[in-house]
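K.L.:
with the sequence up front, the predicted model follows.
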Amino acid sequence: MVSQEQRRRQLAREKFLRQQQRRTSARRKARMRNSVIASVLGVIVIGSVVLYTTGALKNHDDKANASSETTPSASATSKAPDPCEKAAAGSVKKMSWKKEPATTIDTSAKYTMTLATTCGDIGIALKTSAAPHTVNSFDFLASKGYFDHSKCHRLTTNGIYVLQCGDPTGTGSGGPGYTIPDENLKDKSLKGGVYPAGTVAMANTGQKHTGGSQFFLVYQDSQLPASYTPFGTVDAAGLKILKKIAAAGENTGQGDGAPNATVVINKATVTKS
């Protein structure tokens, strides 16, 4: 027979074992709970890093665009169907030069540039004698295929009315590695601070003599300071194409962004006539 003392000790051991089991179970549950919390925190941290990185990249892009070759800002338009065709097969060439190319054009001759784009061919009569550095640079870059397969990256549809092209990176911050001087800023066509429809002019950083390869085509009279080298005039057919591109709008709805139309320069050619 079990004595009363033995029974008391047995009950005490059982109570102790039950306590140990409860504590073990509690610790197991605590570990599981902490694991879940850690996982959730990990997701939050990762999400925060993603958000921070996205913000940092956006700020970086904004800074890059702020120092890129630009025309003054404008600002709203609605989206319309893409009026342009699929781009030709091929990719942009990555090219850069340390200095402006030597002059090889005949400054007394007439030159034209043709932009064979996904939206149609845009013909441009170049102002060779008035802007020899600019025309020579475009003759050089076109001969190297520099503009081929590049997107026209910017369209403004309010205040000023231009399509900006000439950056193979498509970001608004690319260039050929060299700059050319401003030219022809007293062109007779620039009356009353207006760049008339059909004008082709150089973009720049806002500082003197900082033109590179980016240029803009004016599809409607635009009020601009005479600080952008006018070096060509778009033909009638090309102006219709520009207006078609403009009618499709730009992607921000604020009047200044990437064109909704798929505007790609399949090939740029400069020809002496």
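P.N.:
Done, it's in.
K.L.:
for Y178, what are phi and psi?
P.N.:
phi -130, psi 170 (degrees, to the nearest 10).
K.L.:
now do the contacts for it.
P.N.:
97-100, 212 (C-beta atoms under 8 Å, 6 or more residues apart in numbering). For the C-beta atoms, the positions are set from N, CA and C on the backbone; glycine is no exception.
K.L.:
got it, and D235?
P.N.:
Counting by C-beta under 8 Å, 6+ apart, D235 has contacts 122-125.
K.L.:
scan the residues you listed and report the most crowded one.
P.N.:
Ranked by neighbour count under the definition other C-beta atoms under 10 Å, the contacts of D235 are headed by I122 with 26 neighbours.
K.L.:
and the gap between that residue and F215?
P.N.:
12 Å (C-beta to C-beta, to the nearest Å).
K.L.:
go on, I265?
P.N.:
From I265 to F215 the distance is 11 Å (C-beta to C-beta).
K.L.:
so what sits against both of those two?
P.N.:
C165.
K.L.:
related to what we said a few turns ago, between the contacts of Y178, which sits nearest L155?
P.N.:
Nearest to L155, judged by C-beta to C-beta, of the contacts of Y178 is G212 at 19.7 Å.
K.L.:
hang on, the earlier thing: and I265 and F215? which has more neighbours close in?
P.N.:
Ranked by neighbour count (other C-beta under 10 Å), I265 and F215 place F215 first, with 28 against 25.
K.L.:
and A197, helix, strand or coil?
P.N.:
Classification of A197 using DSSP: H, G, I helix; E, B strand; the rest coil returns coil.
K.L.:
strands of the chain, residue ranges please.
P.N.:
Counting by DSSP state E, the chain has strands at residues 111-117, 120-126, 150-151, 154-158, 160-165, 194-195, 199-202, 215-218, 222-223, 230-234, 256-257, 264-272.
K.L.:
the ones you listed: which one's closest to S91?
P.N.:
Short answer: strand 150-151, nearest of these by C-beta to C-beta, at 9.8 Å.
K.L.:
which helices and strands sit right next to the closest one?
P.N.:
strand 264-272 (3 or more C-beta pairs under 8 Å, 6 or more residues apart in numbering; DSSP states H and E).
K.L.:
only alpha carbons, please: show the strand it packs on as PDB.
P.N.:
Taking Å, rounded to 0.1, in the frame of the first residue of the first chain, the C-alpha atoms of strand 264-272 are listed here in PDB:
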ATOM      1  CA  VAL A 264      11.300  55.900 -83.500                       C
ATOM      2  CA  ILE A 265      13.800  57.200 -86.000                       C
ATOM      3  CA  ASN A 266      14.500  54.100 -88.000                       C
ATOM      4  CA  LYS A 267      17.200  55.900 -89.900                       C
ATOM      5  CA  ALA A 268      18.500  59.400 -90.200                       C
ATOM      6  CA  THR A 269      20.200  60.500 -93.500                       C
ATOM      7  CA  VAL A 270      21.900  63.800 -94.400                       C
ATOM      8  CA  THR A 271      22.300  64.400 -98.100                       C
ATOM      9  CA  LYS A 272      24.100  67.100-100.100                       C
END
